[in-house]
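Colleague: For reference, the sequence and a predicted model appear below.
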Amino acid sequence: MKIADVSRAKRLIDERLTLATRRDDVERGNILGVTLSGEYQDKDMLNAVRPWVAAELQRRIDGIEHELDGLGVTID
């Protein structure tokens, strides 16, 4: 890895960690809230969208990991 890429890699690693924490929290049922027209939705609505939100967070994590791989950083 080039020295010039170190700060970019650090930013990506931090972003990946944040997204992974959010994904884990969403999967546990902790941090997700859904509003429609400013009104919070019930538990059934949250359960319906939870897998989709977790999948989108994972998609973003995968993209970051792909970028990190391009920089020569391996994820353990």
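Modeller: Thanks, I have it.
Colleague: count of neighbours near Leu32?
Modeller: If you count neighbours by other C-beta atoms under 10 Å, Leu32 ends up with 16. In this view, the C-beta of every residue, glycine as well, is placed from N, C-alpha and C.
Colleague: A strand includes it, no?
Modeller: No: with DSSP: H, G, I helix; E, B strand; the rest coil as the criterion, Leu32 is assigned coil and is not in a strand.
Colleague: Please identify the helix or strand for the residue nearest to it when sequence neighbours are not counted.
Modeller: Among residues not flanking Leu32 along the chain, Val26 sits closest, at 5.1 Å (C-beta to C-beta, 6 or more residues apart in numbering). Element membership for Val26 (DSSP states H and E) is helix 6-28.
Colleague: what residues does the next helix or strand after that helix touch?
Modeller: Heading C-terminal from helix 6-28, the first helix or strand you meet, by DSSP H and E, is strand 35-36. Contact with strand 35-36 is made by Gln41, as judged by C-beta atoms under 8 Å, 6 or more residues apart in numbering.
Colleague: List the strands paired with the next helix or strand after strand 35-36, with their directions.
Modeller: Once strand 35-36 ends, the next helix or strand along the chain (criterion: DSSP H and E) is strand 39-40. Strand 39-40 pairs in its sheet with strand 35-36 (antiparallel), by DSSP bridges.
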